[in-house]
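S.K.: pasted the sequence and its predicted model underneath.
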Amino acid sequence: MDEKRRPLYIPVKTLDSEDYIEGIGKLEVALIGAGVMVGITVGMIIQGITGNFLIAFAVGLVIVILSIGVFKRDNTNENLIRKLMIIYRFIHAQKKYMYYFFDSLNAMDIDEDKTTEVAYE
């Protein structure tokens, strides 16, 4: 019976969500779409104020690229915002650790005259 058993196989890269592209699922598509809309809106506002299409296009493109970079998950399944939250919590975490010192040598109460020297050859 033992020879019929096979070893347990655990896949290495098992994701917890369905992705359209690696790192981009339904939520990320929605957030990137919102970033595209914000980029287009800001570009149109800059175009209306300055009258320069090239600057408006560049600003809109930068906003779209930043939204893709911020919301896309990496191989650890975390996006840039989540990583910044982890760093923020680590910086503000308690850095004082309470230790209790126990002097084991003095607690053993060993007298020098009761000890014997052992010579190794």
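M.R.: Structure received.
S.K.: the residue nearest in space to the middle of the chain: which element?
M.R.: Centroid check for the chain by CA atoms, centre = their mean gives residue 83 as the closest residue, at 3.9 Å. Using DSSP states H and E, the element containing residue 83 is helix 80-91.
S.K.: counting contacts, what elements does that helix pack onto?
M.R.: helix 53-71 (3 or more CB pairs under 8 Å, 6 or more residues apart in numbering; DSSP states H and E). C-beta here means a position set from N, CA and C on the backbone, and glycine is covered the same way.
S.K.: buried set for the helix it packs on?
M.R.: Across helix 53-71, burial judged by 16 or more other CB atoms under 10 Å covers 56, 59, 60, 63, 64, 67, 68, 71.
S.K.: one more: stretch 70-88?
M.R.: For stretch 70-88, burial by neighbour count (16+ other CB under 10 Å) applies to 71, 72, 73, 79.
S.K.: residues contacting the closest residue in space to the second one that isn't next to it in sequence?
M.R.: Which is residue 72. Of all residues not flanking residue 72 in the chain, residue 23 sits nearest, at 4.7 Å (CB to CB, 6 or more residues apart in numbering). Contacts here follow CB atoms under 8 Å, 6 or more residues apart in numbering; on that basis residue 23 touches 72, 73, 74.
S.K.: and for residue 47?
M.R.: By CB under 8 Å, 6+ apart, the neighbours of residue 47 are 53, 56.
S.K.: so which strand or helix has it?
M.R.: With DSSP H and E as the criterion, residue 47 is inside helix 26-50.
S.K.: now the angle from that helix to helix 80-91?
M.R.: 100 degrees (axes from the mean of the first three to the mean of the last three CA atoms, to 10 degrees).
S.K.: let's have the chain start at 53 instead
M.R.: Yep, numbering from 53; the last one is helix 78-102 now.
S.K.: helix or strand with the lowest mean pLDDT in the chain?
M.R.: Every helix and strand in the chain was compared by mean pLDDT, DSSP states H and E; the lowest is helix 156-159, with a mean of 67.
S.K.: no further queries at this time; thank you.
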